[in-house]
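Peer 1: one predicted model, sequence on top.
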Amino acid sequence: MSESCNHDCSSCGSSCSSRTQPQSLLAQPHEGTHVKHVIAVVSGKGGVGKSLVTSLMAVQMRRHGFKTAILDADITGPSIPKSFGITGRATGDETGIFPVVTKTGIEVMSMNVLLEDAASPVVWRGPVISGAVKQFWTDVMWGDIDYMFVDMPPGTGDVPLTVFQSLPVDGILVVTSPQELVSMIVEKALKMSEMMNVPVLGLIENMSYFECPNCHERVEIYGPSRVDESAQKYGISHTAKLPIDPSFAAHCDKGDIEGYPADYLADTAKFLEGVLGK
Ligand SMILES: Nc1ncnc2c1ncn2[C@@H]1O[C@H](COP(=O)(O)OP(=O)(O)OP(=O)(O)O)[C@@H](O)[C@H]1O
């Protein structure tokens, strides 16, 4: 350490022991917030069903009796409130913002519940968007939560970086679709997870197949699934497959994702309970 050390590493080039110690960039959540597990839901590109998987995971965990929350980090394309039929706006007081609560008790914070007009576009620069996501963690009074799912914007830009640095993320669920180059998406996600020191917990293939409502034959419309093969290749222990189901869209449009009867992600919920604990 330099004799004239003022403990401000940003203004000093000296390579001393205090500099080489890794510094945590984790942001403090709001006082009174205790979140046991944070899971980031990511995808390589938009439109593959990341928000659907985030919503279904939260619904599934809630059905298993957990206190569940969704932090919608997709600031410029928030779709979570609509699928839960949330029309009201978030309220707050001088100490912070209250999340909106869905019909079954899932807590949600999303840009759409803060905007005066949910149809207004959010035209902000990257750092402002990342700042908003960080505030969803630091300024929202989440209370006691067992599982928080973070709906990430697609790709690997400012927001994912902010989420991985500022929130205590336990693991990542990667959503892919059969049309994509699964192995490239998975490789990217794995590299990001290594850089951020957060494990990839599972691989969810959306729109994996279509099941005929009459004869129940499963047809892999986009060709054979490669998700299990990729998971095996990269040592990812959990996979799940969601069918193409027009009633997903119908339930989301009605704001009734919690009323969707099937539980395709029940095994994923059990898997998370197993690896992360209750
Ligand atoms: N398995 C499915 N069967 C039928 N419709 C689906 C399925 N998955 C997603 N959809 C529909 O496709 C649209 C896009 O899904 P979703 O919003 O979950 O994708 P996303 O990856 O989060 O997109 P974005 O990156 O734009 O936020 C939605 O209208 C959704 O209802």
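Peer 2: That came through, no problem.

Peer 1: could you use CA atoms for every contact and neighbour count after this?
Peer 2: Fine.

Peer 1: quick one: average pLDDT of stretch 100-117?
Peer 2: For stretch 100-117, mean pLDDT is 91.

Peer 1: need the residues that contact that stretch.
Peer 2: Residues outside stretch 100-117 that contact it (C-alpha atoms under 8 Å, 6 or more residues apart in numbering): 58-59, 62, 67-76, 78, 80-81, 84-90, 99, 118, 136, 140, 142, 258.

Peer 1: cool, and stretch 175-193?
Peer 2: 41-44, 48-50, 53, 172, 174, 199-200, 203-208, 222-227, 230, 234.

Peer 1: can you pull out the low-pLDDT segments for this protein?
Peer 2: 1-4, 6-23, 118, 180-183 (pLDDT under 70).

Peer 1: now the helices for it?
Peer 2: Listed in chain order, the helices found in the chain under DSSP state H are 17-20, 50-63, 80-83, 126-138, 158-166, 182-196, 227-234, 246-254, 266-276.

Peer 1: now the last one - C-alpha only, CSV.
Peer 2: Presented in CSV, the C-alpha positions along helix 266-276 are these (Å, rounded to 0.1, in the frame of the first residue of the first chain):
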residue,chain,number,x,y,z
ALA,A,266,-43.5,-28.8,-12.1
ASP,A,267,-40.3,-30.8,-12.4
THR,A,268,-38.2,-27.7,-12.9
ALA,A,269,-39.8,-26.2,-9.7
LYS,A,270,-39.0,-29.4,-7.8
PHE,A,271,-35.4,-29.4,-9.3
LEU,A,272,-34.9,-25.8,-8.0
GLU,A,273,-36.2,-26.7,-4.6
GLY,A,274,-33.8,-29.6,-4.6
VAL,A,275,-30.7,-27.6,-5.5
LEU,A,276,-31.4,-24.3,-3.9
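
Peer 1: coming back round to it: give me the PyMOL select line for the contacts of stretch 100-117, limited to the buried ones.
Peer 2: Entered in PyMOL, the line below selects the buried ones among the contacts of stretch 100-117, by 16 or more other C-alpha atoms under 10 Å:
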select buried, resi 58+59+62+67+68+69+70+71+72+73+74+75+78+80+81+84+85+86+89+90+99+118+136+140+142+258
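
Peer 1: which of the contacts of stretch 100-117 fall in strands?
Peer 2: Counting by DSSP state E, the contacts of stretch 100-117 place 68-72 in strands.

Peer 1: out of these, who's near the ligand?
Peer 2: By C-alpha under 6 Å from any ligand atom, no member of these lies near the ligand.
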